[in-house]
Every structure is written in C-alpha cells, then in structure tokens.
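Asker: Build me a structure from this.
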Amino acid sequence: MPDESKEERLNRELIEFLNELRVALPGVQVLFAFLLAVPFTQRWETITEVQRNVFFAAVLAATLATILLIAPSAYHRIQWREHDKERMLQTSNRFAIVGTVFLAVAMTCVVFVIADLLYGSTLVAAVTAGTLLAFAWFWFGLPLSRRLRG
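Answerer: So this is what the prediction gives:
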C-alpha cells in the first residue's frame, strides 16, 4: 500500500503471515497425529521394508514441517517488544517456506505408502510422481513463475 508507513506495512504483513500459518498448521498437525498412530494398527506388521522406510521419511518430514511452521510463534514470543519485526518476518517467512517443502515431502511419502499398500506396481510411481509434481507446481512453481514475470 503506497500510503502506509513502514510500521503499518510490517503490522499488515505480520497479520497476513499469521493468517497464512493458520491455514497450514492444522493440516500438518492432523497429518502428524495420523502418522503417530499408524504403527500401532494391526496392519502395520504386514508392510514391506520399503513402505516402512518411506513411512519413517514421512514422519521425519512431518516433524520438520511442524517444527518450522510453529517456529515463527516461538520466535515472535522470544523477540516480543524487541523492535525487530522486519527481521522476524523475514526469518519466519523462510521457516514457513521450508516448512511447506517438508509438508509436501511428508504428504508425498504418505501417498506413496497408501498407493503401494492398495495397488502396488506402476501405479505407485505415477501417483507419487503426480503428487510431487502437483505440490511443486501449485505451491512453488506457480508463485515463483509469477514473481519472475513481475
């Protein structure tokens, strides 16, 4: 906004950022909770070593996504009233971007495990690749291409 002060811009950007996190956080928390429960199901013993390894990669990626998407809140609390809002926003923005990368990895891994359990074969590769490409394009490629255009 051309008529807002630097402080007003930072306040608006912080509110926009927090609203965006409110969209991502429930998704990563539900995924993480689901992943924590899966090894305690009856069917867990029937999965293959590859499925187990990809599942663990999903757990690790969801853990990192959770850490990074919640980190801005901890950062904000610790830096509260330190008059460093611009740096906080820049750092938190980086946390959120990397957190969404890990969220996309976790969700892609989960799609792989589910597809492999249900169907196996070539369909797993196609569905997993399609999922990864969809995340890459819609979450990163589309906004980056728009940014490069101007």
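Asker: Below-threshold pLDDT in this structure: ranges please.
Answerer: Counting by pLDDT under 70, the low-confidence segments of the chain come to 1.
Asker: Recalculate using a threshold of 90.
Answerer: Segments of the chain classed as low confidence (criterion: pLDDT under 90) are 1-15, 17-27, 42-43, 45, 72-88, 118-122, 147, 149-150.
Asker: show me where it has helices.
Answerer: Defined through DSSP state H, the helices belonging to the chain, from first to last, are 6-37, 49-78, 85-118, 121-135, 142-149.
Asker: Which stretch among the ones you listed approaches residue 43 most closely?
Answerer: Proximity to residue 43 (C-beta to C-beta) singles out helix 85-118 among the helices of the chain, at 7.9 Å. (Glycine included, C-beta is placed from N, CA and C.)
Asker: residues of that closest one that come out buried?
Answerer: In terms of neighbour count (16 or more other C-beta atoms under 10 Å), helix 85-118 has its buried residues at 85, 88-89, 92, 95-96, 98-113, 115-116.
Asker: can you give me the offset of it from its chain's centre?
Answerer: Between the centre of helix 85-118 and the centre of its host chain there is 2 Å, according to C-alpha atoms, centre = their mean, to the nearest Å.
Asker: tally of neighbours for residue 55?
Answerer: Using other C-beta atoms under 10 Å, residue 55 has 20 neighbouring residues.
Asker: contacting residues for the residue lying closest to it once chain neighbours are set aside?
Answerer: Across the structure, with C-beta to C-beta, 6 or more residues apart in numbering as the measure, the residue nearest residue 55 apart from its sequence neighbours is residue 113 (5.2 Å). Taking C-beta atoms under 8 Å, 6 or more residues apart in numbering as the contact definition, residue 113 lies against 47, 51, 54-55, 58.
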